[in-house]
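Q: Got a predicted model here, sequence first, then my questions.
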Amino acid sequence: MADSLTNTAENRALDFLNGLTTTAPTTPLKVALVTANGTDSAAGTEASGGGYARQTLTVAAAVNGATANSADLIWTNMPATTVVGVEIWDSAGTPVRLWYGPLSASRTTAAGDELRLPAASLTLSIQ
C-alpha cells in the first residue's frame, strides 16, 4: 500500500516529523476488509455480517521505508461477499482511518469461509 495514507495520516506524519506533535495512533491498529475501496478522504464500504470483525495488525520495525504484517491476518466465518481492499484503523474511542488500498486481486467468500492474508503480504511504505 505504497503512498496510500489517508489525508489524516499524512497530516499526522508531517506534524510528527516537523516536531509539532509526539502522539502516535491509539494501538492496536486494526485491519478492515472493504467491498468498495475508499479514497484519501473517504472510507470504503466495510464488510459486514457472519463472524466478520477487524483483525489486529502486527508489524516489524520499518526498513528502507517499508514494513509488512508480521503474522497472518485471518478472518473466519466470513459473510458471502467480495473483498476488494483493506483499510487500517487505529483503536481510538472514535477510530481514525490511517491507510487504505486495493488487494492485488479481489477475493470472493461464501458464507462461513475463511479469508487469510499471509504474513508479509500486506506491505506498508512511505516513498
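A: In hand now; what should we look at? Nothing here was measured: the structure is a model prediction, and the numbers come from that model.
Q: hey, let's count contacts and neighbours off CA atoms from now on
A: Will do.
Q: Quick check: next helix or strand after the top strand by length along the chain?
A: Counting residues, the longest strand in the chain under DSSP state E turns out to be strand 97-109. Counting by DSSP states H and E, the next helix or strand C-terminal to strand 97-109 is strand 115-117.
Q: What pairs with that next one, parallel or antiparallel?
A: strand 73-75 (antiparallel) (DSSP bridges).
Q: Can you give me the buried ones in the partner strand?
A: 73, 75 (16 or more other Cα atoms under 10 Å).
Q: neighbouring strands for the helix or strand just after it, and are they parallel or not?
A: Counting by DSSP H and E, the element after strand 73-75 in chain order, helix or strand, is strand 81-89. In the sheet, strand 81-89 lines up against strand 30-36 (antiparallel), strand 97-109 (antiparallel) (DSSP bridges).
Q: And for strand 81-89, what's in contact with it?
A: Residues outside strand 81-89 that contact it (Cα atoms under 8 Å, 6 or more residues apart in numbering): 29-37, 44, 47, 95-103, 105-111.
Q: Just the buried subset of those, please.
A: 29-37, 44, 47, 96-103, 108-109.
Q: List the backbone torsions phi and psi for Ala9.
A: phi -70, psi -40 (degrees, to the nearest 10).
Q: Now do the contacts for it.
A: By Cα under 8 Å, 6+ apart, the contact set of Ala9 is 97-99.
Q: how about 7 Å then?
A: Ala9 makes contact with Leu98, according to Cα atoms under 7 Å, 6 or more residues apart in numbering.
Q: could we number from 391 for the rest of this?
A: In the new count, where the first residue is 391, that last one comes out as Ala399.
Q: Please tell me how far it sits from Trp479.
A: Applying Cα to Cα, to the nearest Å, the value for Ala399 to Trp479 is 10 Å.
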